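Peer 1: pasting the structure only:
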């Protein structure tokens, strides 16, 4: 695969991760009345998991970082700052960020390993056909 095609593919993968975080922000705003605090974080964890499974490790880690920053900025007091006002929210944020990174890491690695194994299986099948 040439560099331009690889760049376009990576741009699409990372763009999808950013798009998932934007959807999570919108979804969390809609659910803000029904859910509170750490429950809203689950909306963001879902977007990290979807980025990991759909786009791989790098985009999942970007989604985890953006999700944590978005959760802090839009839903933790004081709103629209990156400061965390309540001591209990510091723990919530730290655990959320750790779980988001772990989710992105594990899901992304699983997806990337599956893709690598599929490529190896295709190469093995090609070599087997050529040897016959």
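Peer 2: Alright, I've got the coordinates. If you're wondering where the values come from, they're calculated on a predicted model, not measured in any experiment. Numbering: from 1, shown residues only.
Peer 1: Output the contacting helices and strands for whichever helix in the chain runs longest.
Peer 2: Assignment by DSSP state H gives helix 87-131 as the longest helix of the chain. Here helix 87-131 touches helix 38-55, helix 57-75, going by 3 or more C-beta pairs under 8 Å, 6 or more residues apart in numbering; DSSP states H and E. All C-beta spots, glycine's among them, are computed from the backbone N, C-alpha and C.
Peer 1: what's the average pLDDT for stretch 57-72?
Peer 2: What stretch 57-72 shows for mean pLDDT is 94.
Peer 1: what inclination does the longest helix of the chain have with respect to helix 38-55?
Peer 2: Taking axes from the mean of the first three to the mean of the last three C-alpha atoms, to 10 degrees, one finds helix 87-131 and helix 38-55 inclined to each other by 20 degrees.
Peer 1: so helix 87-131 versus helix 57-75, what angle?
Peer 2: If you take the same axes, to 10 degrees, helix 87-131 sits at 160 degrees to helix 57-75.
Peer 1: Please compute how far helix 87-131 lies from its chain's middle.
Peer 2: Offset of helix 87-131 from its chain centre (C-alpha atoms, centre = their mean, to the nearest Å): 11 Å.
Peer 1: still on that earlier bit, so for residue 12, which of the helices and strands packed on helix 87-131 sits nearest?
Peer 2: Residue 12 lies closest, by C-beta to C-beta, to one member of the helices and strands packed on helix 87-131: helix 38-55, at 8.4 Å.
Peer 1: Can you list the buried residues in that closest one?
Peer 2: Using 16 or more other C-beta atoms under 10 Å as the test for burial, helix 38-55 gives 38, 40-41, 43-52, 54-55.
Peer 1: Closest one to residue 15 out of those residues, please.
Peer 2: Closest to residue 15 out of those is residue 55 (9.1 Å), distances taken as C-beta to C-beta.
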